[in-house]
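J.: Any chance you can model this:
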Amino acid sequence: MAAIHLLCLPNAGASATMYLRWKRLLPAWVNLVPVELPGRGRRLSEPCGEEFDQLVAQLCREHAALMRQPYALFGHSMGALLAYGMASHQRDQDGTLPRILFVSGTAGPSRRDTDRFAVSTDAELIADMRRQGGTPEEVFDSPELLRMTLDILRADYRLCRSFTYRAAARLPMPLEVLVGRQDDIGGERVLAWQREAGNAFALHWFDGGHFYIRQQETAVLQAILRGLKYQLAGAADAVASPA
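T.: Sure, this is the predicted structure:
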């Protein structure tokens, strides 16, 4: 099996460490690249990005060398929006396109509810974290960890509010959407992703809420691997049988 880079972007308030476990679970032909955003993890000293288009362009510059090789994008929640932004940026800049785009746990970009990111007080943010689930209890128990998480989350919510949907050419790569059945996104808003797809489109439902990717980790990785294998096999067939 040919090798491929899988760039994975985190949800709001999270860091690249959310994907480290996947490194041990994926086969050797998948080079998992947990994308660290400014303001967290090893980039804690940098200011968080709060303007969507600027951060997308920055991430594409930072990973330009890797993106000249076969790669795919995966993002969960805010990370899905960033992955979509990176794929769109590469399309508009005539850059090397991802073989496939995986988006998880968020509504289609044309149907995003920006009002839900208007929360700003600590109490509102904590209530939102509790409602979404997925935050370890030790974060709430540690004033230092909670303060850091709230500051990052507040900046990430500003980033999400800065996103502006612009109807444009459909994405020229396969698009696969993953979502939890008990998430409050709603089926119609999830299906809005289909209007962005100019190639193959697939929708995968999993039991669970917004952070279904933790409870259904094995099934999620199987879905990702199926998509990657199909695209790599297709590329190999094209090389072996030129028109």
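
J.: how far away is the nearest residue to Pro109 once chain neighbours are set aside from Gly79?
T.: Once flanking residues are discounted, Pro109 sits nearest to Tyr165: 5.0 Å by CB to CB, 6 or more residues apart in numbering. C-beta: built from backbone N, CA, C; applies to glycine. Look at Tyr165 and Gly79: by CB to CB, to the nearest Å, they are 17 Å apart.

J.: Excluding covalently adjacent residues, which one is nearest to Gln216?
T.: Nearest to Gln216 is Phe206, by CB to CB, 6+ apart, at 4.3 Å.

J.: List the buried residues for stretch 125-144?
T.: Residues 125-126, 128-129, 132, 134-135, 139 are the ones in stretch 125-144 that count as buried (16 or more other CB atoms under 10 Å).

J.: same deal with stretch 186-200?
T.: Within stretch 186-200, the residues scored as buried using 16+ other CB under 10 Å are 189-190, 192-193, 196-197.

J.: hmm, who's touching that stretch?
T.: 84, 103, 107-111, 113, 169-175, 177, 179, 201, 203 (CB atoms under 8 Å, 6 or more residues apart in numbering).

J.: one more time with 7 Å
T.: Contacts to stretch 186-200, defined as CB atoms under 7 Å, 6 or more residues apart in numbering, come from residues 103, 107-111, 170-175, 177, 179, 201, 203.

J.: so where's the protein shaky on pLDDT?
T.: By pLDDT under 70, the weakly predicted segments of the chain are 115, 234-243.

J.: could you pull out the helices for it?
T.: 20-25, 52-62, 78-92, 122-132, 137-141, 143-161, 187-191, 212-215, 217-240 (DSSP state H).

J.: beta partners for the residue nearest the centre of the chain?
T.: Nearest to the geometric centre of the chain sits Gly75, at 1.2 Å (CA atoms, centre = their mean). Residues in a beta bridge with Gly75, per DSSP bridges, are Leu9, Val103.

J.: Now do the contacts for it.
T.: For Gly75, the contacting residues are 9, 81-83, 103-104, by CB under 7 Å, 6+ apart.

J.: Asp94 too?
T.: Counting by CB under 7 Å, 6+ apart, Asp94 has no contacts.

J.: one step back: Tyr165 and Gly79 - which one has more neighbours?
T.: Set Tyr165 next to Gly79 and count neighbours by other CB atoms under 10 Å: Gly79 wins out with 28 against 12.
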